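> Fold the following, please.
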Amino acid sequence: MTDPLHQLNINYSPNEDRLLLRITTQQGDEFRVWLTRRFTAMLMDVLGKEIDRRGGLPAVASRPETRRLFREGALEKPFEEETARRFPLGDTGFLASRIGTRDQPHNGLSLELRPETGQGVTLNLDQSLLFMFYNLLTQGVGRADWRLPEPQSVNEHIH
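As a prediction, this is how the structure comes out:
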């Protein structure tokens with residue numbers, strides 16, 4: 001995915017017992033990624049460690065850009081459903097089974113979510129988007145009532 005992010009959304013599907021991550025770009029592409037409980041636990045651990053490497057949850061949450069996103073209601077905005085959206089990896093999405101990370105300039109993170117085989121999606125997250133993505137994921141886990149343990153590196157929530 002080379003286009004800038006437009007929106008991220010995570011919803012729980014009780015019939016699938018999975019989380020559905022929907023990613024849209026500013027150019028109108030939508031990527032759908034299904035997350036199992038096991039994969040979500042791994043992803044939360046990876047994100048927790050990456051947040052820790054960037055100074056911990058309080059440091060990332062208190063960044064001016066993060067505070068601005070909160071003031072603008074980033075976590076409360078409804079997901080924009082558009083009918084003329086493109087689905088480069090298919091409209092049903094893929095089941096995530098592999099995670100990759102790479103450091104980006106200015107303490108950013110490139111997060112790769114991939115299926116067992118085939119093409120996945122890469123999210124380029126600055127520190128504020130990393131924090132927001134982690135928050136969306138923990139909210140999704142709460143809706144799923146999976147009761148996953150918090151990653152050891154992340155021991156407090158900032159809201």
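> what sits against the spatially most central residue of the chain?
The residue at the geometric middle of the chain, judged as the C-alpha nearest the mean C-alpha position with CA atoms, centre = their mean, is F133 (3.9 Å). Contacts of F133 were listed using CB atoms under 8 Å, 6 or more residues apart in numbering, and they are L8, L47, L111, L123, L125. (Each C-beta comes from the backbone N, C-alpha and C, glycine too.)
> Equivalent analysis for N124, please.
Counting by CB under 8 Å, 6+ apart, the residues that N124 touches are L5, Q104, G108, L109, S110, L111.
> show me where pLDDT drops low in this protein?
Per-residue confidence for the chain (pLDDT under 70) gives these ranges: 1-2, 70, 73-76, 83-84, 151-159.
> quick one: the strands in it?
Under the criterion DSSP state E, the chain carries strands at the ranges 5-13, 18-25, 30-35, 94-95, 98-104, 108-114, 121-125.
> what residues does stretch 88-99 touch?
Contacting residues not belonging to stretch 88-99 are listed as 1, 20-21, 29, 31-36, 39, 42-43, 46, 111-116, 118-121 [CB under 8 Å, 6+ apart].
> Weed out the non-buried ones from these.
1, 20-21, 29, 31-36, 39, 43, 46, 111, 113-115, 120-121 (16 or more other CB atoms under 10 Å).
> Not counting sequence-adjacent ones, nearest residue to G100?
The shortest distance from G100 to any residue other than its chain neighbours is 3.6 Å, reached at E112 (CB to CB, 6 or more residues apart in numbering).
> is that neighbour in a bridge, and if so with what?
According to DSSP bridges, the residues that bridge with E112 are G100, T122.
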